[in-house]
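Enquirer: what's the 3D shape of this:
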Amino acid sequence: MALSRKSWNYIIIGASVFMIAVLSFINDKTADVPDDTVPLFDPQLPLKQLQLDGIWLSQQDGQWQCHSQVLNCQQWALSWKNISVSPLKNQPEHSLKEQTLSIAIDNMQTTQLWRYFPNEGLLHSSSQNWYLVPPSLRAGLQPILAIPPQSK
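Expert: Numbering: from 1, shown residues only. This is a model prediction of the structure:
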């Protein structure tokens, strides 16, 4: 027995309402920052310079400057400057895909070498501590890069 046009409309409306409900639920669960997060950078010791796998950003005279291929320099810098993390007690399982992260903090002489696991949102500090970046803050931590023109 074939469905009438009216029945198909009800099916489409029901599926649309269901999809909106699912997407709203997902948004509610991922948009919030957990209560146990803390800022990674202290206001007295702010981020000064960062290098992620050779792509850099640096603050000079109050303005953020980035590698020439970075298209979203200001957003990328603000995402790192305002990042909050949750400290982890145990070493989590992580993928092999990692990025090398070099962090320079204002008023500190030495640069810190960290590892960033973008798939899981994990940061591994040079002092062997693990931190989790909330899902809602992860998207801004990757720069948007211009694709260099290919020569023929």
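Enquirer: can you point me to the longest helix in the protein?
Expert: Looking across the chain with DSSP state H, the single longest helix is helix 5-31.
Enquirer: And that helix, what does it pack against?
Expert: Helix 5-31 sits against helix 135-138, with contacts defined as 3 or more CB pairs under 8 Å, 6 or more residues apart in numbering; DSSP states H and E. (Each C-beta comes from the backbone N, C-alpha and C, glycine too.)
Enquirer: Using CSV, write out the CA atom coordinates for the helix it packs on.
Expert: This file holds the C-alpha atoms of helix 135-138, laid out as CSV (Å, rounded to 0.1, in the frame of the first residue of the first chain):
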residue,chain,number,x,y,z
PRO,A,135,35.0,20.2,23.0
SER,A,136,33.5,23.7,22.7
LEU,A,137,37.0,25.3,22.7
ARG,A,138,38.8,22.9,20.4
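Enquirer: any idea how far it is from the chain center?
Expert: 5 Å (CA atoms, centre = their mean, to the nearest Å).
Enquirer: Then stretch 137-149?
Expert: 10 Å.
Enquirer: ditto for stretch 77-94
Expert: The answer for stretch 77-94 is 9 Å, by CA atoms, centre = their mean.
Enquirer: mean confidence for the longest helix of the chain?
Expert: Here helix 5-31 scores 88 as its mean pLDDT.
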